[in-house]
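Asker: Just the structure for this:
(chains A and B)
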Number of protein chains: 2
Amino acid sequence: MSNSKWIWHFGDFEIYHTSLQNMRREQFGVQSYLPLWRTGQPHSMVKLYKKATIDTSEEIKCHANCLGNVEVRHNGKATKYNLDTKITLEPGENMVIVSLQKMGGIPSVIVFGNEFASNETWLCASYSQTEDDLPCGCNEHYTRIDDDVEKFFFVYDRIYPISRKTYENGTLFDFGKETYGLIHIDNISPNVQKKILIKYGESEEEALADKSIVYIFDYIDLSQNSITFKKRAFRYIFIEDDKGISYDISCDYEHLDIKNKAMFRCEDEKINKVYDACEYTLLLNMREGFLDGIKRDGWLWSGDAYQSYYVNYYSFFDVDTVKRTIIGLRGNDPIGQNINTIPDYSMYWICSIYDYYFHTGDYDFIKSIWPRIVTMLKFLESHCDNNGFYIKHSSDWVFIDWADTAKLGIVSALQMLFAHTYEQIAKIAEVLDIDNNIYLSKAENLKQKINDIYWDEKQGAFIDSIKNNTRDHIVTRHANIFAILFNLTSEDRQKSIYKNVIYNPNIAPITTPYFEFFELDALGKMGDLSYMTDMLNSYWGKMIELGATTIWEQFDPTKKGIEHYEMYGSQFGCSLCHAWGANPIYLIGRYILGVAPTSAGYKTFIIKPNKACFKDVCGRVPLPNGYVDIKIKDNEVKIISTCEGGTVEINDKKYVLKANKQMTFEI
Amino acid sequence: MSNSKWIWHFGDFEIYHTSLQNMRREQFGVQSYLPLWRTGQPHSMVKLYKKATIDTSEEIKCHANCLGNVEVRHNGKATKYNLDTKITLEPGENMVIVSLQKMGGIPSVIVFGNEFASNETWLCASYSQTEDDLPCGCNEHYTRIDDDVEKFFFVYDRIYPISRKTYENGTLFDFGKETYGLIHIDNISPNVQKKILIKYGESEEEALADKSIVYIFDYIDLSQNSITFKKRAFRYIFIEDDKGISYDISCDYEHLDIKNKAMFRCEDEKINKVYDACEYTLLLNMREGFLDGIKRDGWLWSGDAYQSYYVNYYSFFDVDTVKRTIIGLRGNDPIGQNINTIPDYSMYWICSIYDYYFHTGDYDFIKSIWPRIVTMLKFLESHCDNNGFYIKHSSDWVFIDWADTAKLGIVSALQMLFAHTYEQIAKIAEVLDIDNNIYLSKAENLKQKINDIYWDEKQGAFIDSIKNNTRDHIVTRHANIFAILFNLTSEDRQKSIYKNVIYNPNIAPITTPYFEFFELDALGKMGDLSYMTDMLNSYWGKMIELGATTIWEQFDPTKKGIEHYEMYGSQFGCSLCHAWGANPIYLIGRYILGVAPTSAGYKTFIIKPNKACFKDVCGRVPLPNGYVDIKIKDNEVKIISTCEGGTVEINDKKYVLKANKQMTFEI
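Answerer: A predicted model of the protein is given here:
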């Protein structure tokens, strides 16, 4: 008997679990704060099958979590069996087809056998023409007959408050840092007949605040000896009106069983703390999929996830969470609206798939997701004008950034992202050996139109928008950053943008870490890290100085105390553990340690360390099957990689890096 | 407080319950004989909402069967509430939006209130652009807070065997006629430790046959005092190896709570029995949707249902079962294959919707289903050639009939049905005030092409098929019947078909009641009932003579005894209670009693009685809100209608029939 795995239709596991995650949001006492968009659900009917030739007869048994049957095709004869029946396959070619039906779960089967043991060699179909004969889904967490694929594979650590403080009206517990899990209240004094309030706070102030402005609260029924709450995000817990009542408090911290494969230390201890806080921030937001923030919204947002993927490639390098997020964001056909209702987010979704392939080399995944890329693009194109520009539809939210860019009319930044999207699709198609000329020519056409229509010669920059066929002459950073980042315009124009926008103090600065990521990435690509060092200190470093254990959604150094927590018109609206704040991990790995793939799956890669920011650096960047270690000390760099394919680039010279051979360079 | 109903997204209730019905098929011990096509599942996220202005404040409470929240929009402010909360709506305009999420069921809510009591005035949306702002679904069976919309509203009668016969190896129970329900075995002798076999038979022979060829069997665990089985179709039960064991046997006959609104009696008692057996056959096959056969397959097939609708309009006139079937057959988007994998069945599906409107005048339903008609047509058109002919796709099964018509190449009967489909869509669009020129011109084009390409002047008939651009010169009845029935060719050609095909003994006769329906309908439209009388006697009457209590799937009078039950290569493969056998009800009501709508919803209708078949007739045909009674005795006809709008046509003269006034005519 070979090892068997539970198998399901491609995507069903991911869609099921990310949907459940999206459903968990609660705030201000509203228990089910459902997403603004449609989340997906798994197929209700699937076929899972394998065809193979065996030399000797083989006994198989199929066990499913739902209704179904097994059909064996052999020698031109098809025979149907019940599940959980011993079936003997005769020597020769056999095709085994398991048909399953389940509404409201993941129709799945585990097949015990030898050649026909269920695993990634099985295919799946869903009666859809476009998505038949895909490799089925499975993973190493579900391999035993009693494993439940509808229970996600989190692990738990029991944690306790590090301090308690008694107040007139209750008790405040501090768990020492932001966390996520199920609070347990145990050993409650007997015979107390009342319900008391429990408030969750990412900040001490929130836990202590009036219930009316606290995001998450609950009631403890003290007539019980013990109570366990829903999983929630918090650092502080305030239990009101508990005078004279004894109880124990603890939490099952729930998380993925993954390890950071990267490392970074430099001479600036504050930056090291920034790095560690970023890592923990990402980890808390890595669950069924990559979330925006662990408290609010706890939803999968495609733009946020797009950046988390980059951070992940430079830290946990957890490919499964990337795949789960990509599949979960997209759901199944038909598409009725943009991902998260945001057209830019649909475009990031497509772009992220080539990025994923480029970092991992995972051919099977892009092959399986290709039909959904095609329908996603078709949906976007159904909203385009004659120029090929994406036109906002009534149900669309054109996001770009939380910023006063001009978002009315036909927005330039969106068209730039769309041009990049076509380029990314063309690259995916090329890998899959699908004719990509149509995508290349659409990308080229769009770039041309963007350069013709949005470039403002007088301001030496791209303008934001066209409204009623009129150019608005407004210049902000966003579109211009995209023009550099996605290489959409001439070198001359890029230089002009650099001078007239990026380093022009009259152009309003970026205010969110979200778009700051794109700006720093664009600057990094131009070899300019000066701004980055400054940002690491003044923005991220300052948060750490204020006691942050995880990175905040937004930060304005001019604000004070409780002001920091206000956002979206709510006193505690600002998420204090927001994934997009973890971007320094990527920026450090990519531009200070200087590691990046130059071909898919790091088959070849570059290491171009930069001592502009720090003088004493020790870091590691993960590769799909190994890592690169880099040490910078004053003018010396030491590099070692566990994999072949590396090229070191220092002072404009290139050196081949052999596996497991440390090299030393002067920098 | 007004009366409230449970409400859901349009179609979800119907899709959920018809899917479950499709999942119940079992045969030869295979417990889950799943359909060959994808059955649908309800939306997992829906919005149900109503906007209205109230003069005084109103208290509402929303109770759902799943996760959700309630948003109230009033005076430019949106406030979210939990379900099961008392909410006070202020005077003025209010919009109440209930958002729900449920995987694997029907997300539903019941709202208690006055103006905002939940009912058909609420709208629904599913984040899909094409299907937003549809009237929500509800019905009169789910109106109390503890009603469960996921439990179908069947009623039950306890029935008992009418006889038992003891055999050497067990006991045979006869329930007197075909039935469907849950067998109960009660008061089993205590302390018997074995399992014995129970076999179900539509015929006595099946119940007595060897287990290996019996469609449905089970085991009774005699260590229990009492056991209830799954619901199944049968007339006979054989319990093996029960010597010395006592037990009681009964059945909960499960059925819809509906009454036949029609009636027919004539001087031929055998024909009266045919009529009653047809009625009972249809009733047994009227469940979550119209089934093909109650034992085998117990599935919803669109072509079978197309005919059941007609029979239903002339008997139960149960509009809800028609709607449930239409919705259930179609499921939700996206479409990945034809309905039941059969392109003709996708076409019947569309045609049946205009037919439904024509018989019922139900505007709301065609408005709600329109988006799914559009996508269904789009799917069909994606398989068309330059002539507009439907080309068989690899996953298609071109059915037409169980007959040796030429089904390879481009089949003429299919194109004829397609032309009719365009005409039906054009009529629906016209009612909905949607520009229908495109459909009319496609219908016209297709008819032209059919007449140009498939007509064989020498044979005076349409040929079956074109293969590799070559006409096959084969003439069968099927396409030629369609040409008359759908009025697709000139009067001259119809006459030619009449002579050269219909009454040509060299053209093989139709062998299934399924296609016989179309032939008799076509003849009826031409006023020719001679063949029908003959068929009623020789085909249906003969079955009754053989003891049938319900009408069989197929019948060949030349066969004997157990031979009648053989079909599909199985001894008991022929369904003995098959809906398509109930067609005489339609043929009698439509052509002998002669009642038919002449405008939508019987606003106007014709009564054209025909004494060609019987001399002493007494019958009733239902109207949407009443009925017409017709008595024929020798040369006298008496007619009375409870509704206005009738026109009597006798001996080529027309008479206006006033409501509730009996008129007498000479015939």
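Asker: Report how many residues lie close to the closest residue to chain B within the stretch 501-650 of chain A.
Answerer: Taking Cβ to the nearest Cβ, chain B has its nearest neighbour within the stretch 501-650 of chain A at A:Gly569, 12.5 Å off. (Glycine included, C-beta is placed from N, CA and C.) When neighbours are counted by other Cβ atoms under 10 Å in any protein chain shown, A:Gly569 registers 6.
Asker: cool, the one 10 residues further on as well?
Answerer: The tally of other residues near A:Ala579 (other Cβ under 10 Å) stands at 31.
Asker: excluding its backbone neighbours, what's nearest it?
Answerer: Nearest in space to A:Ala579, with sequence neighbours left out and distances taken as Cβ to Cβ, 6 or more residues apart in numbering or on different chains, is A:Asn285 at 4.0 Å.
Asker: Just want the phi and psi numbers for the one you found.
Answerer: phi -90, psi 0 (degrees, to the nearest 10).
Asker: same question, A:Cys62
Answerer: phi -110, psi 130.
Asker: Ok, the one 3 residues further on next?
Answerer: A:Asn65 adopts backbone torsions of phi -100, psi 20, taken as degrees, to the nearest 10.
Asker: what's the answer for A:Pro135, then?
Answerer: Taking degrees, to the nearest 10 as the convention, A:Pro135 sits at phi -60, psi 140.
Asker: burial measure for it, as a count.
Answerer: 17.
Asker: The helix or strand of chain A with the lowest mean pLDDT pairs with which strands, and in what direction?
Answerer: Every helix and strand in chain A was compared by mean pLDDT, DSSP states H and E; the lowest is strand A:470-471, with a mean of 82. Strand pairing for strand A:470-471, using DSSP bridges, gives strand A:465-467 (antiparallel).
Asker: could you check whether stretch A:55-69 is close to chain B?
Answerer: Yes. Under the criterion of Cβ under 8 Å from any Cβ of the partner chain, chain B is reached by stretch A:55-69 at A:67-69.
Asker: Tabulate these in JSON lines, adding columns for distance to B:Tyr354 and neighbour count.
Answerer: Output for those, formatted as JSON lines (distance: Cβ to Cβ, whole Å; neighbours: other Cβ atoms under 10 Å in any protein chain shown):
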{"residue": "A:Leu67", "distance to B:Tyr354": "36", "neighbour count": "18"}
{"residue": "A:Gly68", "distance to B:Tyr354": "38", "neighbour count": "26"}
{"residue": "A:Asn69", "distance to B:Tyr354": "38", "neighbour count": "22"}
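Asker: which element follows the helix or strand hosting A:Ile220 toward the C-terminus?
Answerer: Assessed by DSSP states H and E, A:Ile220 sits inside strand A:216-221. With elements assigned by DSSP H and E, the helix or strand that comes after strand A:216-221 is strand A:227-240.
Asker: can you give me the angle that next one makes with strand A:216-221?
Answerer: Using axes from the mean of the first three to the mean of the last three Cα atoms, to 10 degrees, one finds that strand A:227-240 and strand A:216-221 are set 100 degrees apart in direction.
Asker: The helix or strand following strand A:227-240 pairs with which strands, parallel or anti?
Answerer: Next along the chain after strand A:227-240, taking DSSP H and E as the criterion, comes strand A:248-255. Strand A:248-255 has the following strand partners under DSSP bridges: strand A:155-159 (antiparallel), strand A:170-186 (antiparallel).
Asker: deepest of these, which one?
Answerer: strand A:170-186 (a mean of 19; mean count of other Cβ atoms under 10 Å in any protein chain shown).
Asker: circling back to that earlier point, adding pLDDT and secondary structure, write the residues of stretch A:55-69 next to chain B out as JSON lines.
Answerer: Shown next, in JSON lines, are the residues of stretch A:55-69 next to chain B (pLDDT from 0 to 100; DSSP: H, G, I helix; E, B strand; the rest coil):
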{"residue": "A:Leu67", "pLDDT": "95", "secondary structure": "strand"}
{"residue": "A:Gly68", "pLDDT": "97", "secondary structure": "strand"}
{"residue": "A:Asn69", "pLDDT": "98", "secondary structure": "strand"}
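Asker: mind listing what the nearest residue to A:Asn272 once chain neighbours are set aside touches?
Answerer: Distances taken as Cβ to Cβ, 6+ apart put A:Arg265 closest to A:Asn272, at 5.5 Å, once the chain neighbours are dropped. Shown in contact with A:Arg265 (Cβ atoms under 8 Å, 6 or more residues apart in numbering or on different chains): A:272, A:275, A:617-619.
Asker: Narrow those to those that are buried.
Answerer: A:275, A:617-619 (16 or more other Cβ atoms under 10 Å in any protein chain shown).
Asker: contacting residues around stretch A:614-623?
Answerer: Outside stretch A:614-623, the residues that touch it by Cβ under 8 Å, 6+ apart are A:261-268, A:271, A:313-317, A:533, A:588-589, A:592-593, A:595, A:602, A:605, A:609, A:611, A:627-634, A:641-643.
Asker: Now, these that are in strands?
Answerer: A:263-265, A:595, A:605, A:627-633, A:641 (DSSP state E).
Asker: out of the residues you listed, which are buried?
Answerer: A:263-265, A:595, A:605, A:627-632, A:641.
Asker: What segments of the stretch 301-450 of chain A are helices?
Answerer: A:302-313, A:319-330, A:343-360, A:363-381, A:412-431, A:437-454 (DSSP state H, counting those that start in this stretch).
Asker: nearest to chain B, of those?
Answerer: helix A:363-381 (8.3 Å).
Asker: For that closest one, buried residues please.
Answerer: Those would be A:365-366, A:368-373, A:375-377, A:379-380, for helix A:363-381 by 16+ other Cβ under 10 Å.
Asker: and if you look at stretch A:472-480?
Answerer: A:472, A:475-480.
Asker: what's the answer for stretch A:659-666, then?
Answerer: Buried residues in stretch A:659-666 (16+ other Cβ under 10 Å): A:663, A:665.
Asker: what comes into contact with it?
Answerer: Against stretch A:659-666 from outside (Cβ under 8 Å, 6+ apart): A:626, A:635-644, A:648, A:650-651, A:655, A:657.
Asker: What about the residues you listed, which one has the most neighbours?
Answerer: Result: A:Ser641 is most packed of the contacts of stretch A:659-666 (other Cβ under 10 Å), 26 neighbours.
Asker: so what's A:Tyr390 up against?
Answerer: Contacts of A:Tyr390 (Cβ under 8 Å, 6+ apart): A:343, A:380, A:383-384, A:410, A:414-415, A:418.
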